[in-house]
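K.L.:
sharing a model that was predicted from the sequence below.
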There are 2 protein chains.
Amino acid sequence: MADQITKRSENYSQWYSDLVMKADLAEQSAVRGCMVIKPYGYAIWEKMQRTLDDMFKATGHTNAYFPLFIPKSFFSKEAEHVAGFAKECAVVTHHRLMNDPEGKGVVVDPAAKLEEELIVRPTSETIIWSTYKNWITSWRDLPILCNQWANVVRWEMRTRLFLRTAEFLWQEGHTAHATSQEAIEETQRMVQVYADFARNFLALPVIVGHKSPNERFAGALDTMTIEAMMQDGKALQAGTSHFLGQNFAKSFDVMYTSKEGKQEYVWATSWGVSTRLMGALIMAHGDDNGLVLPPALAPIQVVMVPIFKTAEEHEAILDKMYELKKALEAKGHSVKIDDRDTLRPGFKFAEWELKGVPVRLAMGPRDLAAGTVEVHRRDTLEKKTMELAGLENSIEGLLDDIQANIYKKAFDFRESRVEKCDSWEEFKEKIGTGKFLLCHWDGTPETEQAIKDATKATIRCIPEDSFVCEEEGKDIFSGKPSSRRVVFGIAY
Amino acid sequence: MADQITKRSENYSQWYSDLVMKADLAEQSAVRGCMVIKPYGYAIWEKMQRTLDDMFKATGHTNAYFPLFIPKSFFSKEAEHVAGFAKECAVVTHHRLMNDPEGKGVVVDPAAKLEEELIVRPTSETIIWSTYKNWITSWRDLPILCNQWANVVRWEMRTRLFLRTAEFLWQEGHTAHATSQEAIEETQRMVQVYADFARNFLALPVIVGHKSPNERFAGALDTMTIEAMMQDGKALQAGTSHFLGQNFAKSFDVMYTSKEGKQEYVWATSWGVSTRLMGALIMAHGDDNGLVLPPALAPIQVVMVPIFKTAEEHEAILDKMYELKKALEAKGHSVKIDDRDTLRPGFKFAEWELKGVPVRLAMGPRDLAAGTVEVHRRDTLEKKTMELAGLENSIEGLLDDIQANIYKKAFDFRESRVEKCDSWEEFKEKIGTGKFLLCHWDGTPETEQAIKDATKATIRCIPEDSFVCEEEGKDIFSGKPSSRRVVFGIAY
């Protein structure tokens, strides 16, 4: 089964595509650039959603739902936003089909042209701030801490499953605050929620930092990001949190009366993560045998495969497995018994490895007699025999260990590929070899653009944690003075 | 606060609209016919989603996600389906905006016309069956039991919040089976899941039955429904489950190899409920003071309001309330303490009544001293004093009692408004007065249409439960022989 997957060393990009397909995560649909998320892939996304949603609620946010469509004129209201988002998008122009008068199926009814075209939301700042105008009059109405889980559409020309698709699923938080400081704190709070989630659930050692102005969200004063390194050394932006200042409040005329009775514009943030996280999860941890799922997000944490010759053996082993399943489920673990009787154990082993199930238990008649079970861990591919007595406790410890080990492996990998670089010649040589380079930057968009034009590398972030970067130096390209290093990398 | 709401007796329709707005459930958006679901409304919808999703999973279903867009040509593939769904819909014709050459904001880029128009899904049978074609080759691939939670768009001309909106949220199950019998069983299973949910969570005494051919889903061989009665005696279709036969398999050429090695078309079902359930919940149980929420779906089940004069009293009462909250939460109840210090208790009482919170606890210094609390139940508006000791148990019992009582009230109301009717004159007189009439029907679409033209009444369902309808008689309109009664009503 794993031999249906290209090896990472041969073609990392093809390995990714093979894995997404073969592990039943997603596939292309009949609609250009739009994907079908298959049940197994969606089950992982659901675990991400549930976990993040709990974290949002624990930080005081509530969910709401805003329209799929945005009137075209809204995009003209925020100058930078229109440049960033009103380009490649799905435009609804008509509201009716009719039977073709010439009998060839259905055609668009020309009489049903909309007065104003509607855009399928690429992001919802404009429609939400047009709504917030009705919700906010006084300081008592603030803060508003809303999130929505939704689909959005950006008409991407080159698409890749999960990483860049025309339609994708995401959550977008949109908050409104009385003061700049509160909004900045919210921006920070949510990027930290994302970092916690990435580190503790996705097992991704992300770097938290600020985007350079070139890479900011259209309409933001500051964009914070979590950046992860994939196994090819490329960077993947895994989540962003934006401080929007008063830009959208001004565009949609959203003011509040302060405690002192003054009319003030409202301060805004927005923050989001998407099904792109699925891509990050796959690319960061998968190996040549398939997916490697951190237990915290695995839809199935433990799979059990019976090994038997006779029907009696099968039954006796299954009985014991159901007993084990119950004990494991009581500990909160999700367990599957693979009792399909038309497939060989070896086939099943390969299939569950491909699907990244963290722990596999195999039991034959001799194991049953001896009161043991063979335990295989997906991350290291190690096997050992364990006692059935108290197995639920051993498995609990094992799952924790796997979660920690997957993180550590990704962390060590990244550490091995981050280095300081102070020479432009060295930069050009190394940046294409899958590294994050910590370099001095003079702070100008022009220099960043020149570096990008020469090497495809961008500033992934100006880190807030992970690395100590404050020190005097000279810009790697321009040679101008700089007071801190930033992270350069080549990004997905 | 309740005086901002029109009384039901004055104008039931206006009462509904007032309530949706004033209880912060939803509002119209800047986009014609599309609603904004506000946080409090969305919290109720989330409880519905979570409950239904658990029920779907318990019956073996998994979630997946299919594209928002459907190629126009897909709608021509199933003859009846095109007639039913390809009419009023949102049509995407272009994929780019550009700056207006004349400087007036943004305009559609005429160069970015799509080769084939895309329809925003009004329902997903076509795109899903075009996908299932890739998933199914052998009997081993069956059944497929998928559900998706999604937004859909139907370009309705006259919209009402929750009841009929251009965009709405729903779930749509789409299953594929090897045999007709399995698909019919699935259709039945899911309408029963809906009926259980309606009865036990929404507290709606629904009637389960089959739709007459006139009212069937476009492309279905049989449509099963749950029908509820609102407080004006009108019917609301609250969920449907369709047996689709092999229609979609034939349109999209989906065949499987049977155990016997034969090529067979696959059998299909689909089933769905939507944010329309929010409308049902509001209309079935609300009163002139506002919303009345069944405890099983209330985002806040118990609200506590402190009554105090001094800061010391406030603090002492709040301390006790936090203690109570903890005890209630340990029992799985959701609790809110309303400690806003700028509002009078009376104002808070009215606000939480408007929002339908099932139980309100009020505590003043004398209650605290006496070890008691004033308990108010939303459904009956009754107040009584209860002991603090063991209150978590009393509240648990009270919530159960409220849930049962809300159901009983709706059940008794419906019972009082269902009657047999055997005279056409009587039918015409009574059908407009808010009743379900159990009448004989000759089984022909023509008679049903004639009755609808004369009275606006339709066959809500051919009941499977709730009423014994099998008996010989004569059609109420045509006088032709009939072997069973059906439910006539005027529907939302």
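P.N.:
On my side now, so go ahead.

K.L.:
for chain B, what's its nearest residue on the stretch 201-350 of chain A.
P.N.:
A:Thr342 (7.8 Å; C-beta to the nearest C-beta). For every residue, glycine as well, the C-beta is placed using N, CA and C.

K.L.:
oh sorry, the question was meant for the stretch 101-250 of chain A
P.N.:
For the stretch 101-250 of chain A, C-beta to the nearest C-beta, closest residue to chain B: A:Gly105, 3.5 Å.

K.L.:
so A:Met278 touches A:Ile44, yeah?
P.N.:
Yes. Using C-beta atoms under 8 Å, A:Met278 is in contact with A:Ile44, at 6.5 Å.

K.L.:
list the residues that contact both of these two?
P.N.:
In terms of C-beta atoms under 8 Å, 6 or more residues apart in numbering or on different chains, A:Met278 and A:Ile44 are both contacted by the residues A:Leu25.

K.L.:
could you list the domains of chain A?
P.N.:
Split into domains by automatic domain parsing, chain A comes to A:2-66+A:130-285, A:302-409, A:418-489.

K.L.:
what would these look like in TSV with mean neighbour count and mean pLDDT?
P.N.:
Shown next, in TSV, are the domains of chain A (neighbours: other C-beta atoms under 10 Å in any protein chain shown; pLDDT from 0 to 100):
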stretch	mean neighbour count	mean pLDDT
domain A:2-66+A:130-285	20	97
domain A:302-409	17	96
domain A:418-489	18	95
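
K.L.:
can you add distance to B:Arg50 and give those domains back as CSV?
P.N.:
Shown next, in CSV, are the domains of chain A (distance: least, C-beta to C-beta, whole Å):
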stretch, distance to B:Arg50
domain A:2-66+A:130-285, 10
domain A:302-409, 17
domain A:418-489, 35
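
K.L.:
ok, the closest residue to A:Arg340 other than its chain neighbours - contacts?
P.N.:
Spatial nearest neighbour of A:Arg340, excluding adjacent residues (C-beta to C-beta, 6 or more residues apart in numbering or on different chains): A:Lys348 at 7.3 Å. Neighbouring residues of A:Lys348 by C-beta under 8 Å, 6+ apart: A:305, A:338, A:340.

K.L.:
one more time with 10 Å
P.N.:
Listed by C-beta atoms under 10 Å, 6 or more residues apart in numbering or on different chains, the contact set of A:Lys348 reads A:1, A:303-307, A:338-340, A:360, A:362.

K.L.:
and the spatially most central residue of chain A, how far from B:Leu163?
P.N.:
Centroid-nearest residue in chain A, with C-alpha atoms, centre = their mean: A:Leu277, separated by 1.8 Å. Taking C-beta to C-beta, to the nearest Å as the criterion, A:Leu277 is separated from B:Leu163 by 36 Å.

K.L.:
next: A:Asp100.
P.N.:
On the measure of C-beta to C-beta, A:Asp100 and B:Leu163 end up 33 Å apart.

K.L.:
the helix or strand containing A:Glu392 - contacts with which helices or strands?
P.N.:
Using DSSP states H and E, A:Glu392 maps to helix A:391-415. In terms of contacts (3 or more C-beta pairs under 10 Å, 6 or more residues apart in numbering or on different chains; DSSP states H and E), helix A:391-415 is packed against helix A:180-200, strand A:222-229, helix A:276-285, strand A:302-306, helix A:311-330, strand A:359-363, strand A:372-377, strand A:383-387.

K.L.:
rerun that using 7 Å as the cut-off
P.N.:
helix A:276-285, helix A:311-330, strand A:359-363, strand A:372-377 (3 or more C-beta pairs under 7 Å, 6 or more residues apart in numbering or on different chains; DSSP states H and E).

K.L.:
one step back: which one of the domains of chain A lies closest to B:Asp412?
P.N.:
domain A:2-66+A:130-285 (34.5 Å; C-beta to C-beta).

K.L.:
element containing the nearest residue to A:Ser483 once chain neighbours are set aside, please.
P.N.:
Distances taken as C-beta to C-beta, 6+ apart place A:Glu472 nearest to A:Ser483, at 6.0 Å, with adjacent residues excluded. Element membership of A:Glu472, judged by DSSP H and E, is strand A:470-474.

K.L.:
now A:Val107, what's its secondary structure?
P.N.:
Following DSSP: H, G, I helix; E, B strand; the rest coil, we place A:Val107 in the strand state.

K.L.:
backbone phi and psi for the closest residue to it other than its chain neighbours, please?
P.N.:
Excluding the flanking residues, the one nearest A:Val107 by C-beta to C-beta, 6+ apart is A:Asp100, at 4.6 Å. Dihedral angles of A:Asp100 (phi, psi; degrees, to the nearest 10) stand at phi -60, psi 120.
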